[in-house]
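**Q** I would like the atomic coordinates for the input below:
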Amino acid sequence: MNTLFRLFLIISAAVIPWQAAATTVDLTRYLRTFDATASTDVSDRFIANPGTGRLIVTGGATGVPATIELNGVRVAGPALATGDEVPIELAEDNTIEITRTEPGAALTVRIKQPADVTLNVEAHVHFNTNVSSFETARAFYGSLGFETLSGFPDTNTLEMARAIGINTPTEYDGSKGEAAGGYLLHGELIGVGGNAGGLIDLIEFTIPRNDEPPYARINHLGMASAAMLTADLDADFAHLSKQGVRFLGPPATRADGRRFAILQDLDGTFYELTEARGEVGEESPTNIFALGHVTINVSDFERSAAWYQMLGYELTRPLPETESPEVAAALGLQGPIRVRGAVFTHPVAQSQLVIQQWLEPFNAGQPYPLPINHLGINRIALTSSDIEADVAALKAQGVTFVSPITPCCSGPDSWGSIVAFFDPDGTIVELVDQPFMNLMMRIMRWFS
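**A** Purely as a prediction, here's the structure:
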């Protein structure tokens, strides 16, 4: 591609924002699972688009072990064969009544409905890692080869505090700037290989403070780990082990051929050191050259796969369902491993997510609650070229938001905005609309 044509593309990107075409996704509008010990009847409400949907009920040896009413109309009972799909009519606001007829039988009730969703999501900007001590954490990440790419304000408006789930007023007295009653933190955007190598939003919260440790197991529900790509896994494993970096186990090879090892930062946050081809800077202390995928553990793969496809991610390849004992040991687990999952790639910036449901070993823990100050990986941020339109489109699909769209990151003089919302399990995703950052990321994509 010649220089003149590249310049034309860059100018076009600056003037004409990228807009996605409508994506058709088969969303799970309602999901309820009863184990064999559950005997309580259920009355629930859920949001959908007015129109046709499908009811799928599984459980019981022959027929469905329950009767189900939707908006006052009986739609399923014991005469229905388990696994059959029943056409139903959905309203915007729906009520469902589930009455167990066989309390000893397991039961799953799912309602699905296709939806056409148009979003303006362009790229994965960064993921956030909260730490207990910024100074020591910054030195640790520096020993891996990460450099400071940008800082950001330690204090902010009350609106920004509420945008990340902080109840105001807090005990912050305003002595460090901005309004009293907000948050006080210190952080930097750090990366390897410049912005194009990916960014970590590294933060220590002082007010409000939360010193609870990150997830103890890598199969915990939520944003459990993120990948760092290394050009020489064995060399980095040996070097970092000598430096005292904790690994869950020795390097191993997954069933799909990927070699990896799991390290933890000083607070215990998990990172997957994954071997890949790449160029490493001459001054780098390790062979880590970029950030890779973020892994999100979910309670129901079918539901979450469609939900993240709604954000523009496309299923690239499924994950192997089972793994070897060596892989289990590298993950810090014992016994057999069974997952249902896949790698998803965003077509605009090629950022990747691993979405997986752990079948064995199962972990019933919940994702980090609000506010977004828990140690560990708390959220992932995606750029949007039209945040107002995207929020409206997501609300129409029943997505729950933490706050209204909020100016970011300097009050009325802000040149961008953010908004956070929950995935189906309560994991936090954030939209960021910052025109300068969007433009820079487009320019980097043209030259990459």
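**Q** now Glu326, what's its secondary structure?
**A** Three-state call for Glu326 (DSSP: H, G, I helix; E, B strand; the rest coil): helix.
**Q** Thought Ala255 was touching it, still the case?
**A** No. The pair Glu326 and Ala255 does not pass the contact test of Cβ atoms under 8 Å, sitting 10.7 Å apart. Every residue, glycine included, has its C-beta placed from N, CA and C.
**Q** Is Thr230 bridged to anything, and to what?
**A** Note on Thr230: beta-bridge partners Glu275, Ile288, judged by DSSP bridges.
**Q** Next, count neighbours for it.
**A** By other Cβ atoms under 10 Å, the residues close to Thr230 number 28.
**Q** for Gly174, same thing?
**A** Neighbours of Gly174 (other Cβ under 10 Å): 12.
**Q** tell me which element it is part of?
**A** Taking DSSP states H and E as the definition, one finds Gly174 inside no helix or strand.
**Q** what sits against it?
**A** Applying Cβ atoms under 8 Å, 6 or more residues apart in numbering to Gly174 gives the contacts Ala180, Gly181.
**Q** Next, it: phi, psi?
**A** As for Gly174, its main-chain torsions (degrees, to the nearest 10) stand at phi 90, psi 0.
**Q** now it: how far from Asn156?
**A** Separation of Gly174 from Asn156 (Cβ to Cβ, to the nearest Å): 12 Å.
**Q** what does Arg340 give?
**A** To Asn156, Arg340 is 40 Å away according to Cβ to Cβ.
**Q** Could you do Gln397 as well?
**A** 29 Å.
**Q** Name the residues of stretch 243-263 that are buried.
**A** For stretch 243-263, the neighbour count (16 or more other Cβ atoms under 10 Å) marks Val245, Phe247, Leu248, Pro251, Ala252, Arg254, Arg258, Arg259, Phe260, Ala261, Ile262, Leu263 as buried.
**Q** no no, stretch 22-32
**A** Within stretch 22-32, the residues scored as buried using 16+ other Cβ under 10 Å are Thr23, Val25, Leu27, Thr28, Arg29, Tyr30, Leu31, Arg32.
**Q** Redo these as a markdown table? Include distance to Ile355 and secondary structure.
**A** Supplementary listing: these in a markdown table, determined by distance: Cβ to Cβ, whole Å; DSSP: H, G, I helix; E, B strand; the rest coil:
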| residue | distance to Ile355 | secondary structure |
| --- | --- | --- |
| Thr23 | 16 | strand |
| Val25 | 13 | strand |
| Leu27 | 15 | strand |
| Thr28 | 14 | strand |
| Arg29 | 19 | strand |
| Tyr30 | 20 | strand |
| Leu31 | 16 | strand |
| Arg32 | 21 | strand |
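**Q** pLDDT and distance to Ile56 added to those, as CSV?
**A** CSV is the format used below for the buried residues of stretch 22-32 (pLDDT from 0 to 100; distance: Cβ to Cβ, whole Å):
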residue, pLDDT, distance to Ile56
Thr23, 85, 22
Val25, 96, 16
Leu27, 98, 13
Thr28, 98, 10
Arg29, 98, 11
Tyr30, 97, 10
Leu31, 97, 10
Arg32, 93, 12
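**Q** OK, contacts around the residue located most distally from the centre of the chain?
**A** Relative to the centre of the chain, the most outlying C-alpha is that of Ala79, 39.8 Å out, by Cα atoms, centre = their mean. Counting by Cβ under 8 Å, 6+ apart, Ala79 makes contact with Gly63.
**Q** confidence score at it?
**A** Predicted confidence (pLDDT) for Ala79: 80.
**Q** helix/strand/coil for it?
**A** For Ala79, the assignment made with three-state DSSP gives coil.
**Q** Number the residues from 12 up from this point.
**A** Okay, residue one is now 12; in that scheme the one you just asked about reads as Ala90.
**Q** one step back: show only the entries of the buried residues of stretch 254-274 found in helices.
**A** Among the buried residues of stretch 254-274, no member falls in helices (DSSP state H).
**Q** picking up where we left off before, closest one of the buried residues of stretch 33-43 to Val359?
**A** Thr34 (12.6 Å; Cβ to Cβ).
**Q** Roughly how far does that closest one sit from Tyr41?
**A** 21 Å.
**Q** Ile398 contacts Ile416, correct?
**A** Yes. Here Ile398 reaches Ile416: they are 5.8 Å apart, a contact under Cβ under 8 Å.
**Q** Out of Gln408 and Asn167, name the residue with the larger neighbour count.
**A** Just comparing Gln408 and Asn167: by other Cβ under 10 Å the higher neighbour count belongs to Asn167, 25 against 17.
**Q** And the pLDDT at that one?
**A** On pLDDT, Asn167 comes in at 92.
**Q** One more: the one 3 residues further on?
**A** With respect to pLDDT, Glu170 has a value of 94.
**Q** Phi, psi for it please.
**A** Dihedral angles (degrees, to the nearest 10) for Glu170: phi -60, psi -40.
**Q** Now it. Nearest residue, chain neighbours left out?
**A** Thr417 (5.0 Å; Cβ to Cβ, 6 or more residues apart in numbering).
**Q** Check the secondary structure at Thr147 for me.
**A** Quick answer, by three-state DSSP: Thr147 is helix.
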